[in-house]
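# what would the 3D arrangement of this be:
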Amino acid sequence: MKDVFDVIAQAKRGEKPDVNQRQPLSLVGRDDLFLEQLYAPRLRPKCDPLERSGKLVDPVTEIRDRALSSSRLVIVNEGHDDSQTRAFILALVTPLHDIGFSVYAAETLYADVGTHAPKWPRLSDGFYSIEPTYGELIRRARALDLAFVPYEAERRAD
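Predicted coordinates:
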């Protein structure tokens, strides 16, 4: 628990705790405890809204439409210390499945994630399966019968 308070204290001092220090708070859905302090007094960095011809475009719809017309693979960068990125992936899973995507690959998944699994997330599914949003992502992917593909760099490339 001391590490959690260290992260918050560092953020309040204007220091940037590294991702490995911030990650535990994200895993329990409390990344707000450091993000507010980490970026204060500046606003938290945000992407500019996606616009076309002066009108806002829904990013999930845009990704789905682009994938439908030209992709067999969609890659989303997930921030280990930001549960909102996992929520965005959760928002994409069903629309991508609906147009024919059938595999979910992630570095967080453990090798046995797809073997004899129930429809609910298990702690043994992957490192982030304890985080509420990611647990829901696993539940949704299983409900859609997506195949799981774990990957992780386990050794240095020669």
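# the nearest residue to D98 once chain neighbours are set aside is in what secondary structure piece?
Closest residue to D98 apart from its sequence neighbours, by C-beta to C-beta, 6 or more residues apart in numbering: R64 at 7.9 Å. Any C-beta I mention is one placed from the backbone N, CA and C, and that applies to glycine too. Assigned by DSSP states H and E, R64 belongs to helix 59-70.
# kindly export that helix (C-alpha atoms) in PDB.
C-alpha atoms of helix 59-70 as PDB (Å, rounded to 0.1, in the frame of the first residue of the first chain):
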ATOM      1  CA  PRO A  59     -14.100   7.100 -33.600                       C
ATOM      2  CA  VAL A  60     -15.600   3.600 -33.100                       C
ATOM      3  CA  THR A  61     -17.700   4.000 -36.200                       C
ATOM      4  CA  GLU A  62     -14.700   5.400 -38.100                       C
ATOM      5  CA  ILE A  63     -12.500   2.400 -37.100                       C
ATOM      6  CA  ARG A  64     -15.200  -0.100 -38.000                       C
ATOM      7  CA  ASP A  65     -15.900   1.500 -41.400                       C
ATOM      8  CA  ARG A  66     -12.200   1.700 -42.200                       C
ATOM      9  CA  ALA A  67     -11.700  -1.900 -41.100                       C
ATOM     10  CA  LEU A  68     -14.700  -3.000 -43.200                       C
ATOM     11  CA  SER A  69     -13.300  -1.400 -46.400                       C
ATOM     12  CA  SER A  70      -9.600  -2.200 -46.100                       C
END
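# what helices or strands is that helix leaning on?
Judged by 3 or more C-beta pairs under 8 Å, 6 or more residues apart in numbering; DSSP states H and E, helix 59-70 is in contact with helix 83-98.
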